[in-house]
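Visitor: Build me a model:
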Amino acid sequence: MKQVKIIAPVITAFNPDETIDEQGNKAVWDHLIDNGIDGIAVMGSTGEFFAMDLEQKKHLTRLALSHINGRTKTYIGTSCMKFDEMIDLSNDALDLGADAVMIIHPYYFSLSDESVYAFFDEAAAKINGNIILYNFPARTGKDLSPDIMIRLLETHPNITGYKDTVTEFGHTRKLITQARANFPGVEIFSGFDEFFAHNALAGGSGCIGGLSNIYPGIYKEWIRAIIDGNTATMERIQQKIGYLMGLYEIAPTFIPIIKKALILKGLPIQDVSTKPFLPATEKETEQIKTILETFERMD
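Guide: This is a model prediction of the structure:
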């Protein structure tokens, strides 16, 4: 079995005026590192990259790389709607010491397979370091298919990973199977936490999943159970994570829900997300409390 990892697509803490809350972000990163996270992905979807301007992204990149300072792997989401800004931000992050950058293709208009291939082909040629490609077709409207990914891997050795945020695990399994023979070093991650063990047992690298913001430590227990073949523990944790997935169903947008859960767990962040996201309501907060309390009682 290849090395299995849990990487947290970390939330971004904001002040009420939507500037970067430096101390809040540092507290969240320390929480993850102290609980054994294998890596932190800054400015993924959970980190609200889509609502941040270029200067904010550069500020957060510098802050993260300086504070994390090699204590765990650090991946910087550098996606921008403007191609040149994405290249600029990516190379800046890599020059500052990021272990890799994570990029998603532009959204809003539907794209052809050739458009998606051409976008990542040119990006990989211009980015001076490791790249994780991010597939989230429910948000981009276009799949970065296993077939396109294999074509890209044949040309670009700096493409070292792939995050597949899809509800159909067969999609991820197909890429794992295709990549295993000729690109065994490429890391294939699932984007939904409940597929962590499925991914690992299929030969993938684990998960870049949002629930790890709240309970990073349980994933280390899960990894140990997978390595040891401890099916009883794997089953118990699978059921617990399956229950915790209910957090994603509380509101149309899960980001304020994850932040409220972190506040309830005692993290010193403010209940602020970028517009137009609203804080969790009183009813939603009670639902979050119930899920967290039940999760912590589950054996």
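
Visitor: Please make it C-alpha for all contacts and neighbour counts, starting now.
Guide: Will do.

Visitor: From residue 196, how far out is residue 168?
Guide: 13 Å (C-alpha to C-alpha, to the nearest Å).

Visitor: Look at these two and report which has more neighbours.
Guide: When neighbours are counted by other C-alpha atoms under 10 Å, residue 168 and residue 196 differ, and residue 196 comes out ahead with 26 against 10.

Visitor: tell me which element the more buried one falls in.
Guide: Applying DSSP states H and E as the criterion places residue 196 in helix 196-201.

Visitor: Check which helices and strands that helix is in contact with.
Guide: Applying 3 or more C-alpha pairs under 8 Å, 6 or more residues apart in numbering; DSSP states H and E, we find helix 196-201 packed against strand 187-190, strand 206-208, helix 216-228.

Visitor: switch to 7 Å and redo it
Guide: Under the contact definition 3 or more C-alpha pairs under 7 Å, 6 or more residues apart in numbering; DSSP states H and E, helix 196-201 sits against strand 206-208.

Visitor: CA atoms only: put the helix holding residue 196 into PDB for me.
Guide: Only the C-alpha atoms of helix 196-201 are listed here, as PDB (Å, rounded to 0.1, in the frame of the first residue of the first chain):
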ATOM      1  CA  PHE A 196     -11.000   8.100   2.700                       C
ATOM      2  CA  ALA A 197     -10.800   4.400   3.300                       C
ATOM      3  CA  HIS A 198     -12.200   3.500  -0.100                       C
ATOM      4  CA  ASN A 199      -9.500   5.600  -1.700                       C
ATOM      5  CA  ALA A 200      -6.700   4.100   0.400                       C
ATOM      6  CA  LEU A 201      -7.800   0.500  -0.200                       C
END
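
Visitor: Give me the buried stretch members for whatever helix or strand residue 295 lives in, please.
Guide: Here residue 295 sits within helix 282-297, counting by DSSP H and E. Across helix 282-297, burial judged by 16 or more other C-alpha atoms under 10 Å covers 284, 285, 287, 288, 291, 292, 295.

Visitor: Distance-wise, check the closest residue to the first one other than its chain neighbours relative to residue 40.
Guide: Leaving aside its chain neighbours, residue 284 sits nearest to residue 250 (6.5 Å; criterion: C-alpha to C-alpha, 6 or more residues apart in numbering). Distance from residue 250 to residue 40, counting by C-alpha to C-alpha: 25 Å.

Visitor: tell me the contacts of residue 210?
Guide: Taking C-alpha atoms under 7 Å, 6 or more residues apart in numbering as the criterion, residue 210 is in contact with 8, 9, 46.

Visitor: from the residues you listed, which would you call buried?
Guide: Buried, going by 16+ other C-alpha under 10 Å: 8, 9, 46, out of those.

Visitor: which of those residues lies closest to residue 134?
Guide: residue 9 (11.8 Å; C-alpha to C-alpha).
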